[in-house]
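Visitor: predicted coordinates and the sequence they were generated for:
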Amino acid sequence: MSDPQILVENILNALTAGILIGCIYGLMCVGLGLIFGVMRVVNFAQGDFLMLGMYAAYYLFTGWGLLNFLGPYAGPLLAAMLAGPIVFAGGVLLHRFIISRVSGLRTTASLDEGHFGQLIVTLGVSLILQNGGLIVFGSSPRSVRTPLSSSAWVIETPFYDSLIFLNKARLLSSVVAIAVAIILYVMLERTRLGRSLRAAADNPTAATYAGVDVDRAHRIAFGLGSGITAVAGGLIATYISYSPFAGLDFVIIMYAGVVLGGMGSILGAFWGGLTVGFVQQFSGLILPPQLQNAAIFVVFLLILVLRPQGFFGRSAERA
Amino acid sequence: MLEVTDLAVSYGGLRALAGVSLVVGAGQFVTVVGPNGAGKSTLFKTISGIVPPTAGSVRFEGEDLLAMPASRRAHLGIAHVPEGRQVFKAMTVRENLEMGAYPMAGRHAWVRMLDRIHTLFPILAERAGQFAGTLSGGEQQMLAIGRGLACAPKLLMLDEPSMGLAPAIADLIFDRISQIHREDGLTILLVEQRVAEALELCDRGYVLETGRIVLEGPYEILAGDDRVRRSYLGLDDA
Ligand SMILES: Nc1ncnc2c1ncn2[C@@H]1O[C@H](COP(=O)(O)OP(=O)(O)O)[C@@H](O)[C@H]1O
Ligand SMILES: [Mg+2]
């Protein structure tokens, strides 16, 4: 093996790994972006919804083995997708009883638009989920391991005959992540429900005049945002191991992605997450793992300075 | 059709409306005029349920509006075209109209109403795919009215549709409103500061000053009233 071959192979594999992990990050960011975009609520518990998705997938596939019969390909993926509706239901209840008290029409008139209350409440929810998770799920690391987690499809490239390794679990997870993001996007753009969510985000008062129950729209958005992020959690669970505090590692990534993509844009949130995946994998080529999050932040700050509205930030007229 | 009785509203102790009563009969064109800050928008917001009153009642076709959530009104057939247009800026013109047709009645009448809206405001057909935030003020007003019509309403409430528009555009908007009333037989409640134009259109008018109705009656009576002529129509009795 020659040196250029190793270099090219490293770069190509960082690129692929960046795309694969980036798609999952993109999906988590979409969940956070949906909640922020529709409700203007900064949700610090988003990482913990991700964690709940991981555990939902764990119990469905590995823990209780309900989906074992589907085999190593479909089983974990279906478990990840089922984490969505489960956490959706939790998100809806959480909004109904807690979040709605510090958000929505009742707070838009207040000076800080309720952000202070939201910060305290979502941080509180986050702490409860983490410590509750510790009690219920225990502290030993879990993962949704299948034979796929450690096997890869190998692609030969014409560049110095270097090889690209496509981890099977990661590839399948990314495909599902893209599919879920597209379904959500089409739902928001093309359906009556999606339009009403966008209208409620755009102008809550006018949406009310048009007949939209804005509180209900927020509840649905909160549930969907939680559920989408939970699916991402279930997908990533197939190749990492995690504890009830796993959300903390990802909440930074999600915020970086959503801000990069321009707060409030679904497509932007996905690209933002993808970018974070790239930066993380590429910085892994030259930096020790502990500094990868630092690299994300450096790029994040650079983009904020150079293009504060994010890649997909709305232009002034659209804001 | 719409009956407002002894309505009182205050914003944190500051009285904005006191003892306001008003009736709109089916098929009528009713106008409320009054200077800036008189409480016209407050009256509309209270009818639409986003400002809670301290006293009084609001009934629509016999139903108690104050007992139901704000979003129900569109489903009952009340369209509120708010002050300052309030279009959905990040949505296209077409999507704004589709949002107007959100209630069941609007969905059923979609094809007919869209056609009607495009006849009244052809520019909205030309601009169908454009984001509403990029329209001019006049076009946004047309869109806001179109969005109101899209739910195939029984009552169309318009809050200062001429606000901030060039006189020629404002005249066009008034023409269209009058046309909607005449040709579609739609019941209209209009709030305006441009008193002369607004009174000319209406069957009945109310004059609202600092939260109270100071005068009401048919057009001929209002237009003949000395006070209205002097303070609103800029006419001298001489
Ligand atoms: N959200 C609010 N909070 C406090 N005061 C308000 C609010 N909205 C309107 N007001 C006050 O109520 C009065 C009536 O306002 P408004 O209904 O907007 O009048 P108009 O539409 O006739 O110009 C004004 O004195 C205004 O300052
Ligand atoms: Mg007003």
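Guide: Alright, I've got the coordinates. Ligands and ions are numbered 1, 2, ... in the order given.
Visitor: what's the spacing between the residue nearest the centre of chain B and residue A:36?
Guide: Centroid-nearest residue in chain B: residue B:158, 1.4 Å away (criterion: Cα atoms, centre = their mean). Between residue B:158 and residue A:36 the distance is 34 Å, computed by Cβ to Cβ, to the nearest Å. Backbone N, C-alpha and C define where each C-beta goes, glycine included.
Visitor: not counting its neighbours along the chain, what's nearest residue A:142?
Guide: Nearest in space to residue A:142, with sequence neighbours left out and distances taken as Cβ to Cβ, 6 or more residues apart in numbering or on different chains, is residue A:58 at 5.0 Å.
Visitor: what's the burial count for the one you found?
Guide: Using other Cβ atoms under 10 Å in any protein chain shown, residue A:58 has 23 other residues around it.
Visitor: same question for residue B:223.
Guide: 18.
Visitor: can you give me the neighbour number for residue B:209?
Guide: When neighbours are defined as other Cβ under 10 Å, residue B:209 has 16 of them.
Visitor: and it, what is it in contact with?
Guide: Neighbouring residues of residue B:209 by Cβ atoms under 8 Å, 6 or more residues apart in numbering or on different chains: B:34-35, B:38.
Visitor: then residue B:58?
Guide: Shown in contact with residue B:58 (Cβ under 8 Å, 6+ apart): B:2-5, B:7, B:46-47, B:64-66.
Visitor: just the buried ones among these, please.
Guide: B:2-4, B:7, B:46-47, B:65 (16 or more other Cβ atoms under 10 Å in any protein chain shown).
Visitor: got CSV for those, with secondary structure, pLDDT and distance to chain A too?
Guide: CSV is the format used below for the buried ones among the contacts of residue B:58 (DSSP: H, G, I helix; E, B strand; the rest coil; pLDDT from 0 to 100; distance: Cβ to the nearest Cβ, whole Å):
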residue, secondary structure, pLDDT, distance to chain A
B:2, strand, 96, 15
B:3, strand, 95, 20
B:4, strand, 96, 18
B:7, strand, 95, 19
B:46, helix, 95, 13
B:47, helix, 96, 11
B:65, helix, 95, 13
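Visitor: now distance to residue B:103 too, for the residues you listed, in CSV please.
Guide: Shown next, in CSV, are these (distance: Cβ to Cβ, whole Å):
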residue, distance to residue B:103
B:2, 17
B:3, 22
B:4, 22
B:7, 25
B:46, 21
B:47, 17
B:65, 15
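Visitor: excluding covalently adjacent residues, which one is nearest to the residue of chain B found nearest ligand 2?
Guide: Nearest to ligand 2 in chain B, going by Cβ to the ion, is residue B:41, at a distance of 3.2 Å. The shortest distance from residue B:41 to any non-neighbouring residue, by Cβ to Cβ, 6+ apart, is to residue B:83 (5.2 Å).
Visitor: if we can go back for a sec, same list, the contacts of residue B:209, but only the ones touching ligand 2.
Guide: Counting by Cβ under 5 Å from the ion, nothing from the contacts of residue B:209 sits close to ligand 2.
Visitor: in PyMOL, how would I select just the buried ones from the residues you listed?
Guide: Command for PyMOL that selects the buried part of these, burial taken from 16+ other Cβ under 10 Å:
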select buried, chain B and resi 34+38
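Visitor: residues of chain B that sit close to ligand 1?
Guide: B:11, B:14, B:16, B:34, B:36-42 (Cβ under 6 Å from any ligand atom).
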